[in-house]
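[1] Here's a sequence, model it:
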Amino acid sequence: MLRNSLLASLVFFAASMSTSTYAEQNDVVRFALGEWQPYTSADDGILEKIVLKIYNDLGLEVEFAYNPWMRSAKLVEYGKADATFPWYATEERRATYLLSTTPLLHADTVMFYHNSVNLEWNELADLAKYRLGAVDGYTVTQLMQENGLTPVIASDLKENFLKLHRARVDAIPAEKRVGRNMVNLVTEGGTRAILVNPKPLLSDPMHVLFQPTERGRKLQAIYEKGIHALKQSGCYEIMLENNPCPE
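    Now for the predicted structure:
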């Protein structure tokens with residue numbers, strides 16, 4: 001039921017959509033996202049189901065559009081979408097967007113590494129001796145660069161994990177659940193050449209970014225009320241495991 005409802009609500013809108021067209025259709029809540037399985041995906045994303053329930057429970061229609069992550073953020077910044085999720089909080093994002101007060105997700109980003117490497121680290125500087133990969137636009141990529149690391153930049157996470165699987169890089173950062181999902185994808189059930197170091201580079205909440213407008217504030221208020229209700233009822237934890245809440 002939830003899967004059918006989610007798929008029925010997935011409508012892809014063009015990035016070139018005019019402001020006037022958007023204004024005429026602003027009774028629909030539009031989210032711009034990237035692929036970050038299993039949390040966000042055009043094929044059954046966990047977080048989309050949570051957000052969909054929050055707004056559908058109030059009778060609001062929701063649409064999701066999938067783009068590269070940086071493009072999704074720009075669509076919200078320039079008023080072509082209402083919001084995007086999930087994102088870590090940064091000073092730059094606080095200056096540009098209206099961040100949800102209540103996180104949508106708490107994420108742990110760890111290092112995945114090739115089994116030919118003995119990965120050991122205590123501080124970020126310790127990772128300088130490894131060939132690192134990273135994804136353009138990710139908060140952890142910026143964190144690495146700010147600490148003097150020079151990772152090889154990939155356009156998306158799948159490309160990054162393929163490089164790791166083929167030993168073209170030694171190690172890459174990824175949220176642990178997302179990383180495990182990606183390992184399964186790139187290895188296709190074959191021999192696992194990728195291991196994981198449990199020490200987190202980042203362990204922080206991730207938020208919904210809304211437009212800093214009157215409409216954005218209204219949509220944020222709906223989100224805050226809805227996510228609080230889901231957490232109070234225990235439904236949030238059930239949905240986070242990709243299970244439907246009992247009626």
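[2] is it fair to say Arg180 lies in a strand?
    No: membership of Arg180 in a strand is not supported by DSSP: H, G, I helix; E, B strand; the rest coil, which gives helix.
[3] how about it, what does it touch?
    Val196 (CB atoms under 8 Å, 6 or more residues apart in numbering). (C-beta placed from N, C-alpha, C; glycine too.)
[4] can you count the residues close to Val110?
    19 (other CB atoms under 10 Å).
[5] Give the next helix or strand downstream of the helix or strand hosting it.
    Assigning secondary structure by DSSP states H and E places Val110 in strand 105-114. Helices and strands here follow DSSP H and E; after strand 105-114, the next one along the chain is strand 133-135.
[6] So which elements touch that following strand?
    helix 139-146, strand 152-154, helix 157-165, strand 171-175 (3 or more CB pairs under 8 Å, 6 or more residues apart in numbering; DSSP states H and E).
[7] Can you show me the CA trace of the third one as CSV?
    The one in question is helix 157-165. This file holds the C-alpha atoms of helix 157-165, laid out as CSV (Å, rounded to 0.1, in the frame of the first residue of the first chain):
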residue,chain,number,x,y,z
LEU,A,157,28.4,7.4,-5.0
LYS,A,158,28.1,4.4,-7.3
GLU,A,159,31.1,5.6,-9.3
ASN,A,160,33.0,6.0,-6.1
PHE,A,161,32.2,2.5,-4.9
LEU,A,162,33.1,1.0,-8.3
LYS,A,163,36.5,2.7,-8.0
LEU,A,164,36.9,1.2,-4.6
HIS,A,165,35.8,-2.3,-5.7
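[8] Output the contacting helices and strands for it.
    strand 105-114, strand 133-135, strand 152-154, strand 171-175, helix 176-187, strand 194-210.
[9] now the nearest residue to Asn67 once chain neighbours are set aside: how far from Leu185?
    Using CB to CB, 6 or more residues apart in numbering and skipping residues adjacent in sequence, the residue nearest Asn67 is Ala32, 6.0 Å away. Noted for Ala32: a distance of 23 Å to Leu185, by CB to CB, to the nearest Å.
[10] So those two - more neighbours on which side?
    Applying other CB under 10 Å to Ala32 and Leu185 shows that Ala32 carries more neighbours, namely 26 against 15.
[11] In which helix or strand does the most centrally placed residue in the chain reside?
    Nearest residue to the geometric centre of the chain (CA atoms, centre = their mean): Pro86, 4.3 Å. Assigned by DSSP H and E, Pro86 falls within strand 83-88.
[12] following that strand, which helix or strand shows up next?
    Following strand 83-88 toward the C-terminus (DSSP H and E): helix 91-96.
[13] got the contact list for that next one?
    77, 87, 99, 209, 212.
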